[in-house]
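>>> Next come a sequence and a model predicted from it.
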Amino acid sequence: RVGRFVSQGGRIGLLVYFVEMASRFILNAAARAPRVAKQAVKPTVPKRLEPLVKFPNLFANAAYGYWIATEISRAKRRILRKFYRRLEEPETYDGIIDFLIYITASIIVLDASHFDLRGLVRSLVAVGGLSSLVVGLALKEPVSQLLQGALMMASNKFHRNETIRLGDGTQGKVVDIGLLETTIMGGDDITVKIPHGKMTGQKFSNISRMQRSQAKFDLRFSLEDMGQIEEIQDVIRQEIQNNCPKLVTDGSRPFQVRWTELEKDAIVVSIDTHHYVTPSSNAYWDAREAVLVAISKAMDRMKVALKHPLKVNSL
């Protein structure tokens, strides 16, 4: 690392020296000295080339400033990865910190080059009127998105490759968290880019961090089965317990097989199960299928059939 650092510094120094020599050559070639007998007079630089006098100093400050900012950025990245391994999005934090590093470096370079920052600010303030309004409106949205994104990532609500569900119904895997927007890929592989402002303004759930899920069904039996409906419920309950190893049965979440409605032509039995699996995952669909297989086995044991239509609900 030391050798690379010295090598880069040497190359930048050589480039700065070349720019300064080229500037001096151009100025000397274009300079005009008044013809005064027996008197040394300093050559004058054409007005159109006056900015070239300060250019070497500005270029040197910019080159060294960019180089130092890049080295600070690399060191910061190593520190993040070494001491903050629990962060699953170090590159996102890198982007925000890099933005601050390079903005700070730009200000320092301009100040070191004796650039009149106060005059620039006074000029911008003096412009006023419509131009200030246009600039303010143009910067309002990006700056707002940047700040809201930083706050959202600092809250550690979700990371890349986690599945989330937004309050507007959008659900999918987080494939990228940028400075201004988050990209979500749905189950149909279609990606949606959502500005951070819209995400922070609504409720959302991190499905990947949920440890339990629910499978709920409504079964309709014939009125002729009313006499054995309690036995049917007991058999369904037993089959579900035997067929679903991830079923929650400790009382922390409901496990119910109950007669809930009496219609004109049918008896409605509601089944509410909870499982130790992540919602919308492959394990969830396996658990849901296991419940349906258990219901089928129970109906075969009791020699009963469902009365259409069958209502199926899931949350």
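Alright, I've got the coordinates.
>>> The closest residue to residue 230 other than its chain neighbours: helix or strand, and which one exactly?
Leaving aside its chain neighbours, residue 230 sits nearest to residue 259 (8.0 Å; criterion: C-beta to C-beta, 6 or more residues apart in numbering). Yep, even glycine has a C-beta here, placed from its N, CA and C like the rest. Under the criterion of DSSP states H and E, residue 259 resides in strand 256-262.
>>> Also residue 270?
Going by DSSP H and E, residue 270 is part of strand 266-275.
>>> Kindly calculate the angle that that strand makes with strand 256-262.
Interaxial angle of strand 266-275 relative to strand 256-262 (axes from the mean of the first three to the mean of the last three C-alpha atoms, to 10 degrees): 150 degrees.
>>> can I get the CA coordinates of strand 266-275 in CSV?
C-alpha atoms of strand 266-275 as CSV (Å, rounded to 0.1, in the frame of the first residue of the first chain):
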residue,chain,number,x,y,z
ALA,A,266,-74.3,-25.6,4.4
ILE,A,267,-72.3,-25.6,7.6
VAL,A,268,-69.1,-23.4,7.6
VAL,A,269,-66.0,-24.6,9.5
SER,A,270,-63.2,-22.2,9.7
ILE,A,271,-59.6,-23.4,10.1
ASP,A,272,-57.0,-21.0,11.4
THR,A,273,-53.4,-22.2,11.7
HIS,A,274,-50.0,-20.6,12.4
HIS,A,275,-46.6,-22.0,11.5
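>>> following it, which helix or strand comes up?
helix 282-302.
>>> buried stuff in that next one?
284, 287, 288, 290, 291, 294, 295, 297, 298, 299, 302 (16 or more other C-beta atoms under 10 Å).
>>> for the chain, what spans make up the helices?
Assigned by DSSP state H, the chain shows helices spanning 2-30, 51-83, 90-112, 117-127, 129-154, 196-200, 229-243, 282-302.
>>> Go through the ones you listed and find the least confident stretch.
Here the lowest mean pLDDT among the helices of the chain goes to helix 117-127, at a mean of 50.
>>> quick one: contacts for residue 287?
Residue 287 makes contacts with 213, 215, 244, 246, 247, 275, 277, as judged by C-beta atoms under 8 Å, 6 or more residues apart in numbering.
>>> Does the third one touch residue 290 like I think?
Yes. Distance between residue 244 and residue 290: 4.8 Å, which falls inside the contact criterion (C-beta atoms under 8 Å).
>>> Any figure for the gap between residue 197 and residue 78?
Distance of residue 197 to residue 78, given as C-beta to C-beta, to the nearest Å: 32 Å.
>>> neighbouring contacts of stretch 9-19?
55, 56, 59, 60, 63, 64, 67.
>>> One more pass at 6 Å, please.
Contacts to stretch 9-19, defined as C-beta atoms under 6 Å, 6 or more residues apart in numbering, come from residues 56, 59, 60, 63, 67.
>>> What is the nearest of those to residue 220?
Of all the contacts of stretch 9-19, residue 220 sits closest to residue 67, with 74.6 Å by C-beta to C-beta.
>>> What sits closest to the closest one if chain neighbours are left out?
Nearest non-adjacent residue to residue 67 (C-beta to C-beta, 6+ apart): residue 12, at 5.6 Å.
>>> burial of that neighbour, as a residue count?
15 (other C-beta atoms under 10 Å).
>>> For burial, what's the neighbour tally of residue 198?
Neighbour tally, residue 198, other C-beta under 10 Å: 15.
>>> out of residue 197 and residue 78, which sits in the busier spot?
residue 197 (16 against 9).
>>> Please report how far the more buried one lies from residue 182.
From residue 197 to residue 182 the distance is 11 Å (C-beta to C-beta).
>>> Please write out the alpha-carbon positions of stretch 301-308 in PDB.
Provided in PDB are the C-alpha atoms of stretch 301-308 (Å, rounded to 0.1, in the frame of the first residue of the first chain):
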ATOM      1  CA  ARG A 301     -61.600 -40.900   7.300                       C
ATOM      2  CA  MET A 302     -65.000 -39.400   8.000                       C
ATOM      3  CA  LYS A 303     -66.400 -40.200   4.500                       C
ATOM      4  CA  VAL A 304     -67.600 -36.700   3.900                       C
ATOM      5  CA  ALA A 305     -67.300 -34.200   1.000                       C
ATOM      6  CA  LEU A 306     -67.200 -30.500   0.700                       C
ATOM      7  CA  LYS A 307     -70.100 -28.500  -0.500                       C
ATOM      8  CA  HIS A 308     -69.300 -25.900  -3.100                       C
END
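>>> Give the buried residues for it.
302, 304, 307.
>>> Name the surrounding residues that touch it.
219, 220, 222, 225, 232, 235, 266.
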